[in-house]
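Asker: I need the structure of the sequence given here:
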Amino acid sequence: MDEERLIHDWLVRTLRSRLSREYKDIKDNLGERKNEFKGYYPDLILGNHGMVLAVVEVETEHSINKEKALQWKAISETGTKLILMLPKKVVKNVTELLWEASIADRVSIGTYDIVISMP
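Answerer: Numbering: from 1, shown residues only. Modelled structure (predicted):
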């Protein structure tokens, strides 16, 4: 397993745990599990009372490209809130991709940063 996949999977699990306070029905698409949402397989599907309220895509520095932006656009057109979790240092570039795809107003961005402090 490469380092980016490890970070991705760890972050999906961490978000699932943290978001479980707000959302009672959380499905993920890690490993062999395939939870479909309107033809897509986002990293997390967040719901309450049988309704899907949001979907989450966790991205790493090297998973972001124009093709991914087209996928985000398609997911955002389903009418469900799309949340992108991004490395802090790529927010500017992703924001530009969102504007180019005309979906900057329909996508929420969360960030993560891995910091190692040594004495």
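
Asker: for the residue most central in space within the chain, what are phi and psi?
Answerer: Residue closest to the mean C-alpha point of the chain, counted by CA atoms, centre = their mean, is Glu57 at 1.6 Å. Dihedral angles of Glu57 (phi, psi; degrees, to the nearest 10) stand at phi -120, psi 120.

Asker: so what sits opposite Gly47 in the bridge?
Answerer: Asp25, Val52 (DSSP bridges).

Asker: hang on, isn't Asp25 packed against Asn48?
Answerer: Yes. Under the criterion of CB atoms under 8 Å, Asp25 makes contact with Asn48 at 6.3 Å. Bear in mind the C-beta positions are built from the backbone N, C-alpha and C, glycine included.

Asker: tell me the bridge partners for the residue nearest to the centre of the chain.
Answerer: Going by DSSP bridges, Glu57 forms beta bridges with Leu84.

Asker: that one and Leu82 touch, don't they?
Answerer: Yes. The pair Glu57 and Leu82 passes the contact test of CB under 8 Å, sitting 6.9 Å apart.

Asker: overlap of the contact sets of these two?
Answerer: With contacts taken as CB atoms under 8 Å, 6 or more residues apart in numbering, the residues that reach both Glu57 and Leu82 are 42, 72, 75.

Asker: could you check how far the nearest residue to Ile26 once chain neighbours are set aside is from Val94?
Answerer: Excluding the flanking residues, the one nearest Ile26 by CB to CB, 6 or more residues apart in numbering is Arg16, at 5.4 Å. Distance, Arg16 to Val94, by CB to CB, to the nearest Å: 22 Å.

Asker: give me the neighbour count for Leu70.
Answerer: 13 (other CB atoms under 10 Å).

Asker: could you do Gly47 as well?
Answerer: Gly47: 17 neighbours (other CB under 10 Å).

Asker: which one's more surrounded, Arg16 and Val94?
Answerer: Val94 (21 against 18).

Asker: please identify the helix or strand for that one.
Answerer: Secondary structure assignment for Val94, by DSSP states H and E: helix 91-100.

Asker: which neighbouring elements make contact with that helix?
Answerer: Other elements packing on helix 91-100 under the criterion 3 or more CB pairs under 8 Å, 6 or more residues apart in numbering; DSSP states H and E are helix 66-76, strand 107-112.
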